[in-house]
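Novice: this one's structure only:
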């Protein structure tokens with residue numbers, strides 16, 4: 001059954017974490033910013049997924065493109081990801097997309113920086129539709145990286 005639902009910064013994480021908990025094969029997250037605080041939301045679930053042999057890919061800005069406050073947090077989070085087995089792909093040139101693809105069946109897209117959001121008002125749409133998710137995967141040409 002195909003479906004779509006809207007979420008804000010108050011409802012996104014609860015629903016997204018449920019999607020991650022049921023993930024079987026692969027998670028792709030595009031989040032330009034990464035903060036230590038927000039990564040604390042994901043450390044346990046990411047490690048659980050890795051134990052289930054789920055592949056996790058994170059696309060984010062090169063830390064050198066961040067200000068002096070964000071750069072060390074981003075570097076620390078990327079180091080942790082690489083140590084535990086998450087593949088991080090650094091994007092150059094003001095990367096700003098915010099989305100996630102879970103098992104190539106669920107697409108999350110919107111304005112919320114998944115790995116850094118804290119106080120801002122945001123919106124995300126959850127789409128459960130394999131064709132739409134594949135269309136986004138193909139449109140972004142993610143296959144060349146994974």
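Specialist: Yep, it's here. Since the model is a prediction, treat every value here as computed from it, not as a measurement.
Novice: Show me the residue sitting in the middle of this protein in space.
Specialist: residue 29 (2.4 Å; CA atoms, centre = their mean).
Novice: Check which helices and strands whichever helix or strand that residue is part of sits against.
Specialist: In this structure, residue 29 is located in strand 26-30 according to DSSP states H and E. If contacts are counted by 3 or more CB pairs under 8 Å, 6 or more residues apart in numbering; DSSP states H and E, strand 26-30 sits against strand 55-61, strand 99-102. Every residue, glycine included, has its C-beta placed from N, CA and C.
Novice: Relative to residue 73, which of those strands is closest?
Specialist: strand 55-61 (11.3 Å; CB to CB).
Novice: Pull the distance from the helix or strand that that closest one is followed by to the chain's centre.
Specialist: With elements assigned by DSSP H and E, the helix or strand that comes after strand 55-61 is helix 70-84. Put simply, helix 70-84 sits 14 Å off its chain's centre (CA atoms, centre = their mean, to the nearest Å).
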